[in-house]
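In: Got a predicted structure plus its sequence, pasted below:
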Amino acid sequence: MGFKLEKVEAAIKKGLILQIYLAVWFCALVFLSDAILEQAGVPYFTYGFAILKASALSRFMLVGQKLFPLPFAKGSSVLWLVFRRSLIDTAFVLALSYLFYGLEGMIHHKDFFETVQNFCKGSWEHVIALSLCYWLIILPYLIYCGLKKAMGAEQLYAYLLGVEGPRLP
């Protein structure tokens, strides 16, 4: 019974850490866009949606890690496995961005699909730039998870911290 409780506690802690990590990044992006829009005289605050997106993405990533764990084998490329997973997670967060943008439009009494068509002002360059930002946010976490699984937690912590570190989720 105690072992099961420890696994649940570790899973909750891992989920909270991931959610906080993603929320900080998404809120930073919102803060940047707000600063840019404020210079143009447009008030715009969507931190709530950034935190909801972080929560949804963290749940998706954790469920994906449980259902489809990265299949490591001796001699396999950790980077290739992580790269493939990062593309899937990036596509999901982009889809969430479209969804939350449409929901935000509905809150402002606009048509959902019309609002979604105007995501990033309809600019594919903007969508690609945003996707790259999302990918750069997700990639370090997945590299960390991949290295932790490939090397083992203790060895990775010893390598990263230079000492035998505390056991993190």
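Out: Perfect, thanks for sending it. Residues are numbered from 1 along each chain as shown.
In: Following the chain onward from the longest helix seen in the chain, which element is next?
Out: In the chain, taking DSSP state H as the definition, the longest helix is helix 2-39. The first helix or strand that comes after helix 2-39 along the chain, using DSSP states H and E, is helix 47-67.
In: low-confidence ranges in the chain?
Out: Low-confidence segments of the chain (pLDDT under 70): 1-2, 37-46, 73-74, 164-169.
In: mind running it again at 80?
Out: Within the chain, the stretches with pLDDT under 80 are 1-3, 33-50, 52-53, 64-65, 68-78, 162-169.
In: So which elements touch the helix or strand where Gly105 lies?
Out: Taking DSSP H and E as the definition, one finds Gly105 inside helix 78-107. In terms of contacts (3 or more C-beta pairs under 8 Å, 6 or more residues apart in numbering; DSSP states H and E), helix 78-107 is packed against helix 47-67, helix 112-117, helix 124-151. No exception for glycine: its C-beta is placed from N, CA and C like everyone else's.
In: if we go to 10 Å?
Out: helix 2-39, helix 47-67, helix 112-117, helix 124-151 (3 or more C-beta pairs under 10 Å, 6 or more residues apart in numbering; DSSP states H and E).
In: can you redo the ones you listed as a markdown table with mean neighbour count and distance to Val93?
Out: Converted to a markdown table, these look like this (neighbours: other C-beta atoms under 10 Å; distance: least, C-beta to C-beta, whole Å):
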| stretch | mean neighbour count | distance to Val93 |
| --- | --- | --- |
| helix 2-39 | 14 | 8 |
| helix 47-67 | 17 | 5 |
| helix 112-117 | 13 | 15 |
| helix 124-151 | 16 | 5 |
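In: closest to Val78 out of those?
Out: Closest to Val78 of the helices and strands packed on helix 78-107, according to C-beta to C-beta: helix 124-151, at 4.6 Å.
In: still on that earlier bit, okay, buried residues for the helix holding Gly105 please.
Out: If you call a residue buried by 16 or more other C-beta atoms under 10 Å, then helix 78-107 has these buried ones: 78, 81-82, 85-86, 89-90, 92-94, 96-97, 99-102, 105.
In: got it, and stretch 154-164?
Out: Quick answer for stretch 154-164 (16+ other C-beta under 10 Å): Leu156, Tyr157.
In: Please state the offset of that stretch from the chain centre?
Out: Here the centre of mass of C-alpha atoms in stretch 154-164, compared against the chain's by C-alpha atoms, centre = their mean, to the nearest Å, lies 25 Å away.
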